[in-house]
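Asker: Fold the following.
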Amino acid sequence: MKKTKLGEFEELVLLTVAALQRDAYGVEIKRELEDRLKERLSVGSIQSALKRMEEKGFLTSEFGEATQKRGGKRKRIYATTSHAHKVLAEMKEIRAGLWSAMPKLAYELKLI
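Answerer: Down below sits the predicted model:
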């Protein structure tokens, strides 16, 4: 398997972009992640991750149409690349393999 440089937060942002599809723009990505993680995130952390992943070839972006609701400002909409889908599938496979490799006793342990 090819090594990838994808951190945990980047993976979560990438999965969110893949899930949101045409609604994958900064504010909506932030809202979706905050809902799922149950914590507040900074806009800067999201934007930095999006920029890094675009530079690495995991994402592409384009501007959407200007809307009155946004004062004429256009949204930058992100999309995952085929490379991103391949990497996400590899990560899912690795995680599933590790989960299934854990001994049954590990499932029964309770964390305090």
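Asker: Can you check the pLDDT for Ala89?
Answerer: pLDDT, Ala89: 94.
Asker: Can we start the residue count at 46 from this point?
Answerer: In the new numbering, first residue 46, that becomes Ala134.
Asker: what number of residues lie near it?
Answerer: Counted by other Cβ atoms under 10 Å, the residues lying close to Ala134 total 10. Quick note: C-beta positions are derived from backbone N, CA and C, even for glycine.
Asker: And it, which helix or strand is it part of?
Answerer: Assigning secondary structure by DSSP states H and E places Ala134 in helix 127-146.
Asker: From the contact counts, what lies against that helix?
Answerer: Packing contacts for helix 127-146, counted by 3 or more Cβ pairs under 8 Å, 6 or more residues apart in numbering; DSSP states H and E, involve helix 53-65.
Asker: Give the buried residues for the helix it packs on.
Answerer: Neighbour counts over helix 53-65 (16 or more other Cβ atoms under 10 Å) mark 55-63, 65 as buried.
Asker: circling back: how about the helix holding Ala134 as PDB, C-alpha atoms only?
Answerer: Taking Å, rounded to 0.1, in the frame of the first residue of the first chain, the C-alpha atoms of helix 127-146 are listed here in PDB:
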ATOM      1  CA  SER A 127     -10.400   9.800  -7.300                       C
ATOM      2  CA  HIS A 128      -7.100   9.800  -5.400                       C
ATOM      3  CA  ALA A 129      -9.100  10.800  -2.200                       C
ATOM      4  CA  HIS A 130     -11.600   8.000  -2.700                       C
ATOM      5  CA  LYS A 131      -8.700   5.500  -3.100                       C
ATOM      6  CA  VAL A 132      -7.000   6.700   0.100                       C
ATOM      7  CA  LEU A 133     -10.300   6.800   2.100                       C
ATOM      8  CA  ALA A 134     -11.000   3.200   1.000                       C
ATOM      9  CA  GLU A 135      -7.500   2.100   2.100                       C
ATOM     10  CA  MET A 136      -7.900   3.900   5.500                       C
ATOM     11  CA  LYS A 137     -11.300   2.200   6.000                       C
ATOM     12  CA  GLU A 138      -9.800  -1.200   5.200                       C
ATOM     13  CA  ILE A 139      -6.900  -0.700   7.600                       C
ATOM     14  CA  ARG A 140      -9.200   0.400  10.400                       C
ATOM     15  CA  ALA A 141     -11.600  -2.500   9.800                       C
ATOM     16  CA  GLY A 142      -8.700  -4.900   9.900                       C
ATOM     17  CA  LEU A 143      -7.400  -3.500  13.100                       C
ATOM     18  CA  TRP A 144     -10.900  -3.500  14.700                       C
ATOM     19  CA  SER A 145     -11.400  -7.200  13.800                       C
ATOM     20  CA  ALA A 146      -7.900  -8.100  15.000                       C
END
